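Q: give me the fold of what follows.
(chains A and B)
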Amino acid sequence: MSASDPIERYVRELRRELRGRRGARRRIVAEVRTHLLEAADAERASGADEHKAAEQALARFGSARDTARRFDGLASRRRTLLRRALAPSLAVIALSTLASATVWASRPGTRVPHVRHVLPTHKQAVRHPRESRLR
Amino acid sequence: MGFGEVQGHVDGMLLAVLSDGPLHGYGVTEELRRRSGGEFDLAEGTIYPALHRLESSGLLSSHWEIHRGRRRRVYALSSSGRREVVDRRASWRLFRSAVDRVFNGEVLETG
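A: I've put the predicted structure just below:
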């Protein structure tokens, strides 16, 4: 058995446990693998045999599940921020669609303003939640 | 010291460790251990979500580097990260002296 086997098993488990975007997951896995290999190198330099060095590096790092859950918390925080940023735009789209449908239903053939003209700009929509938090 | 006691200070300590120059994740944990004299009993895996969060907040930047054939993600303070370290050091000093006074039964004369 090579020293990297327990580490590769751990990395495979971490990959299974992680959620979120593929690019983010790849980055996490690459960072963790390097960390564990370097920690095992340090243990070997202190006299541990290969297998023991890998096991000690893993024990110091914490379980794959716990590590993945900590990253999940980060991803859900990002999703919440994104939802807050997009909520004003979605509300305006819904309202303008409803208004257009109402006008069209009451006066068929009436031209209604294009949705683009009543939407806030992207910057306005994204800035809104943070500004309201700061107030 | 376990994670619970250190938890609220991890971000500040990571920024402080990086204030002396860029480091990759393993280097950060080694420097944290060296500076603390091994007092913090933190799972090393806890620092990565913190590093990613600090990067998302714009306090850190990072890039890949190849070292002895291994890819390392190297972290550095951004300009706002440098300002943040100064602020956190100042607020930590206030906090520490207040806690010291409480433990020692001292009363700060005000006014």
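
Q: quick one: stretch B:72-79 to chain centroid distance?
A: Distance of stretch B:72-79 from the chain centroid (C-alpha atoms, centre = their mean, to the nearest Å) equals 13 Å.

Q: now do it, average pLDDT.
A: Average pLDDT, stretch B:72-79: 98.

Q: with just CA atoms, put that stretch into CSV.
A: The C-alpha coordinates for stretch B:72-79 follow below in CSV (Å, rounded to 0.1, in the frame of the first residue of the first chain):
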residue,chain,number,x,y,z
ARG,B,72,-1.0,24.9,-4.6
ARG,B,73,-3.6,27.7,-4.2
VAL,B,74,-1.7,30.7,-2.8
TYR,B,75,-3.5,33.3,-0.8
ALA,B,76,-2.6,37.0,-0.4
LEU,B,77,-4.2,40.0,1.3
SER,B,78,-5.9,42.5,-0.9
SER,B,79,-5.7,46.2,-0.2
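
Q: what residues does it touch?
A: A:27, A:30-31, A:34, B:15, B:18-19, B:21-26, B:28, B:51, B:55, B:58-66, B:85 (C-beta atoms under 8 Å, 6 or more residues apart in numbering or on different chains). From N, CA and C alone the C-beta is placed, and that goes for glycine too.

Q: on the three-state scheme, B:Glu106 is what?
A: coil (DSSP: H, G, I helix; E, B strand; the rest coil).

Q: count of residues packed around it?
A: Using other C-beta atoms under 10 Å in any protein chain shown, the number of residues around B:Glu106 comes to 11.

Q: quick one: contacts for it?
A: B:Glu106 sits next to B:Asp100 when contact means C-beta under 8 Å, 6+ apart.

Q: 10 Å - rerun?
A: If you count contacts by C-beta atoms under 10 Å, 6 or more residues apart in numbering or on different chains, B:Glu106 has them with B:97-98, B:100.

Q: which pLDDT value belongs to it?
A: At B:Glu106, the model reports a pLDDT of 81.

Q: quick one: least confident helix or strand in chain A?
A: Within chain A, no helix or strand scores below helix A:122-134, which has a mean of 50 by mean pLDDT, DSSP states H and E.

Q: helices or strands up against the lengthiest helix in chain A?
A: Longest helix of chain A, by residue count under DSSP state H: helix A:64-106. Under the contact definition 3 or more C-beta pairs under 10 Å, 6 or more residues apart in numbering or on different chains; DSSP states H and E, helix A:64-106 sits against helix A:4-17, helix A:22-45, helix A:115-118, helix A:122-134, helix B:47-56.

Q: now do 6 Å
A: Counting contacts by 3 or more C-beta pairs under 6 Å, 6 or more residues apart in numbering or on different chains; DSSP states H and E, helix A:64-106 is packed against helix A:4-17, helix A:122-134, helix B:47-56.

Q: which one is the residue nearest in space to the middle of chain B nearest to, not counting chain neighbours?
A: By C-alpha atoms, centre = their mean, chain B has its centre lying nearest to B:Met13, at 1.6 Å. Leaving out its chain neighbours, the residue that sits closest to B:Met13 by C-beta to C-beta, 6 or more residues apart in numbering or on different chains is B:Leu32, at 6.4 Å.
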